[in-house]
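In: Whatever this is, show me its structure:
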Amino acid sequence: MRPRGLLLRGREFLMKDMYTFDSSEQKALDSYKIVRQAYHNIFKRIGVEYAIADADSGEIGGSLSQEFHIISKDGEDNLLRCKNCGQISNEEKAKGLINNVKKITADQLAGWACENKELSSELNISIYYSGFEASAVGNDTPTGSLNIFVLPANRKLNLTKVKSFSIGSNDMCKKQLYFGDTTQSLSSLLNSINTTENIISEINVLIEEQILSAENKDLVLKTLKNQGLGSIVIDNAKLINTVKFSAADLVTIESGDECVNCSTEKTEELAQNTSIDSSNNGDKVSKLESLPAIEIGHIFYLGTKYSSKLSSLVKLQNNEQVPTEMGCYGIGVMRTMQAVADSIRNKNGLVWPISIAPYTVCILPLIKASPGLESLSDYGSKFNSDKSASPGIDEALNGKVNMVVDGINSIVGNLGQCTKLKSIDSYEVDGRVESLGLFEKWNIAVDDRFYLSNGFKLFDSDLVGFPVVVILGEDYFKSNMKYVELVIRPPSINKSSVVRDKLEGGNLISDENKKIIIKKVLLEEINEVIYKYLK
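Out: Numbering: from 1, shown residues only. I've put the predicted structure just below:
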């Protein structure tokens, strides 16, 4: 078992996997959009906060990739969302503007790189070694490059971004040699590295583009090249003849940075990237906020990366054969179940959304056990037409059990036939209305553990997290099966109805966990009440 938070998830891996093959890039992108919308509909129906984030394609590759995440305080992924325009990206992919970043001039960088001048602690320096195999350079001596990344102080290098512009199989961050704020010059840093273990053929100095002014970035790089920096001496006269300077997007974007894609009006596509309210009450500052999340789905447009290598061809109308344009898509089914449960649980237990709850309704009779009656299975004859008392059960208890059986049959029948509930319980496919069966008898549980105390069973109903609990308690028996008590849990609550009903008084209670308890509900009206708070 794999522990995560307060939950345990088995090692089994169940995934909904799909691939698409199209004859053109445009058709493949159309397929991508269709699947993206279908996934959006799936997670919207589940009913928890989720987000669609731009993501790095990683080892799978392709030019377009997005992840589906459930927002959870215990999530291991970090999303960055613009409060103004709604743009969402995975931290690995996110672009942003660093607030009040100090710009570096060409003279300052040249002095640091060549003249042993310190740049105080205004820079964060990362130095990595990337080695090549001997066969890659055509001789018996393995060689590699020293890659120096220059960042603003107190900012992290984004290794995913670096990997995206690494050349071929050369991982520019294969081995870390140095990282940290520094007051050392470039030559001092190089001489502090033991290059006898790492044969260096070239040095790449990559500068975070945001510490260079947009108008003088090219001038800075040209100045560095023209000031004799085409070669550097390290390790007591070891000459490196190839030294390259370039600017790139290197930094890991953080909460509080500004959105580069921001506009005053959210586009329809960005608005659909999340189920979270992104209104900012007129705030025009495009700040990014951090959202911890759990990834539960991923979609990729692959292009011809695999089809061209595998000769997966399609013949066009002009008889030309071209590689198929591919897409791949997946939802982690078991991970989704766990992530949903983890993201909306409270201190009392799980809180299942009605769309994926193992059971939609739990009927909870509050009857104490007696000799010969510990569950309804001990009273099996009462499900038949014979209403005679079972041996060993006193007359009063026998009457209560009869009332429980009649109540269960009435509740199950009413829930399965309610037209309004069917509107929650259905969806349309190709003009046909399909039912999910949320309120059919196989989705209704009965807690008939009469040998347990009523308090224990009520606690268990909270722990399991049934969306709806129908309690057959004191009100039910005293009213001769007229009234029941309803417990409805979030997240599927019509909050406006709760507020309105509380103002009007009545039998509604809302506790600190947002669970609502409605006392003295007419048995024949439970359908209407459930619909009222779940629609």
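
In: mind listing the strands for the stretch 1-150 of the chain?
Out: 2-4, 7-9, 15-22, 50-54, 64-71, 77-82, 88-90, 96-97, 123-132, 143-152 (DSSP state E, counting those that start in this stretch).

In: Mean neighbour count, distance to Leu534 and mean pLDDT added to these, as JSON lines?
Out: The C-beta positions use only the backbone N, C-alpha and C, and glycine is treated the same way. Output for the strands of the stretch 1-150 of the chain, formatted as JSON lines (neighbours: other C-beta atoms under 10 Å; distance: least, C-beta to C-beta, whole Å; pLDDT from 0 to 100):
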{"stretch": "strand 2-4", "mean neighbour count": "11", "distance to Leu534": "29", "mean pLDDT": "57"}
{"stretch": "strand 7-9", "mean neighbour count": "14", "distance to Leu534": "25", "mean pLDDT": "65"}
{"stretch": "strand 15-22", "mean neighbour count": "14", "distance to Leu534": "26", "mean pLDDT": "94"}
{"stretch": "strand 50-54", "mean neighbour count": "24", "distance to Leu534": "19", "mean pLDDT": "92"}
{"stretch": "strand 64-71", "mean neighbour count": "23", "distance to Leu534": "21", "mean pLDDT": "93"}
{"stretch": "strand 77-82", "mean neighbour count": "24", "distance to Leu534": "28", "mean pLDDT": "92"}
{"stretch": "strand 88-90", "mean neighbour count": "25", "distance to Leu534": "28", "mean pLDDT": "92"}
{"stretch": "strand 96-97", "mean neighbour count": "20", "distance to Leu534": "40", "mean pLDDT": "90"}
{"stretch": "strand 123-132", "mean neighbour count": "21", "distance to Leu534": "52", "mean pLDDT": "72"}
{"stretch": "strand 143-152", "mean neighbour count": "22", "distance to Leu534": "50", "mean pLDDT": "80"}
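
In: between these, which gets nearest to Ser312?
Out: Nearest to Ser312 among the strands of the stretch 1-150 of the chain is strand 15-22; the distance by C-beta to C-beta comes to 7.0 Å.

In: buried residues in stretch 472-481?
Out: 472-473, 475-477, 481 (16 or more other C-beta atoms under 10 Å).

In: Endpoint to endpoint, it covers what distance?
Out: When the termini of stretch 472-481 are compared using C-alpha to C-alpha, to the nearest Å, they are 8 Å apart.

In: What are the contacting residues of that stretch?
Out: Stretch 472-481 is touched from outside by 363-366, 400, 403-404, 406-407, 410, 454, 482-485, 519-520, 523, with contacts defined as C-beta atoms under 8 Å, 6 or more residues apart in numbering.

In: Can you go through the residues you listed and name the buried ones?
Out: Neighbour-count burial (16+ other C-beta under 10 Å) applied to these gives 363-366, 400, 403-404, 407, 454, 483-485, 523.

In: Greatest separation within the residues you listed: which pair is it?
Out: Asn454 and Leu523 (19.6 Å).

In: which stretches of the stretch 101-250 of the chain have low pLDDT?
Out: For the stretch 101-250 of the chain, the stretches with pLDDT under 70 are 113-122, 131-143, 165-170, 177-178, 180-199, 224-241.

In: mind listing the helices in it by residue range?
Out: With DSSP state H, counting those that start in this stretch as the criterion, the stretch 101-250 of the chain has helices at 106-114, 134-137, 159-164, 186-191, 217-226.

In: So which of the strands of the stretch 1-150 of the chain is nearest Ser286?
Out: Nearest of those (C-beta to C-beta): strand 77-82, 5.5 Å.

In: Show me what the closest one pairs with in its sheet, parallel or antiparallel.
Out: strand 88-90 (antiparallel), strand 288-303 (antiparallel) (DSSP bridges).

In: among those, which is the most enclosed?
Out: strand 88-90 (a mean of 25; mean count of other C-beta atoms under 10 Å).

In: returning to what we had before: kindly reformat the strands of the stretch 1-150 of the chain as CSV containing distance to Leu29.
Out: Below are the strands of the stretch 1-150 of the chain laid out as CSV (distance: least, C-beta to C-beta, whole Å):
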stretch, distance to Leu29
strand 2-4, 35
strand 7-9, 35
strand 15-22, 9
strand 50-54, 15
strand 64-71, 8
strand 77-82, 24
strand 88-90, 19
strand 96-97, 26
strand 123-132, 34
strand 143-152, 34
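
In: For Leu458, find the nearest of those.
Out: Once these are compared by C-beta to C-beta, strand 7-9 is nearest, at 22.0 Å.

In: Over to Val464: give its phi and psi.
Out: phi -70, psi -30 (degrees, to the nearest 10).

In: Of the contacts of stretch 472-481, which belong to helices?
Out: Mapping the contacts of stretch 472-481 onto helices (DSSP state H) picks out 400, 403-404, 406-407, 410, 454.

In: Tell me which two in those residues are the farthest apart.
Out: Among the ones in helices among the contacts of stretch 472-481, Ser410 and Asn454 lie farthest apart (C-beta to C-beta), at 21.4 Å.

In: can you give me the strands in the stretch 401-535 of the chain?
Out: With DSSP E, counting those that start in this stretch as the criterion, the stretch 401-535 of the chain has strands spanning 426-429, 432-435, 444-446, 468-472, 483-488, 508-510, 516-522.

In: How is the chain divided into domains?
Out: 6-93+286-343, 106-248, 347-534 (the TED database).

In: Just name the most buried of the ones you listed.
Out: With a mean of 18, the top stretch among those by mean neighbour count (mean count of other C-beta under 10 Å) is domain 6-93+286-343.

In: Now distance to Glu258 too, for the domains of the chain, in a markdown table please.
Out: Below are the domains of the chain laid out as a markdown table (distance: least, C-beta to C-beta, whole Å):
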| stretch | distance to Glu258 |
| --- | --- |
| domain 6-93+286-343 | 5 |
| domain 106-248 | 11 |
| domain 347-534 | 32 |
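
In: Tell me which of the ones you listed lies nearest to Gly256.
Out: Gly256 lies closest to domain 6-93+286-343 among those, at 6.1 Å (C-beta to C-beta).

In: Where does pLDDT dip in the stretch 401-535 of the chain?
Out: 419-435, 490-514, 535.

In: If we use 80, what do you get?
Out: Low-confidence segments of the stretch 401-535 of the chain (pLDDT under 80): 416-437, 490-515, 533-535.

In: now the helices for the stretch 301-450 of the chain?
Out: Under DSSP H, counting those that start in this stretch, the stretch 301-450 of the chain gives helices at 307-310, 333-344, 395-417, 419-424.

In: Same list (these) but as CSV, adding distance to Lys83.
Out: Conversion of the helices of the stretch 301-450 of the chain to CSV gives the following (distance: least, C-beta to C-beta, whole Å):
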stretch, distance to Lys83
helix 307-310, 40
helix 333-344, 21
helix 395-417, 42
helix 419-424, 32
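
In: Could you say which one of these comes nearest to Leu29?
Out: Leu29 lies closest to helix 307-310 among the helices of the stretch 301-450 of the chain, at 15.3 Å (C-beta to C-beta).

In: what's in contact with that closest one?
Out: 21, 313, 323-326.

In: go again using 6 Å as the cut-off
Out: Helix 307-310 is contacted from outside by 323-324, 326, using C-beta atoms under 6 Å, 6 or more residues apart in numbering.

In: Over to stretch 208-225?
Out: Here stretch 208-225 makes contact (C-beta under 6 Å, 6+ apart) with 98, 101, 103-104, 106, 110, 151-152, 245, 247, 250-251.
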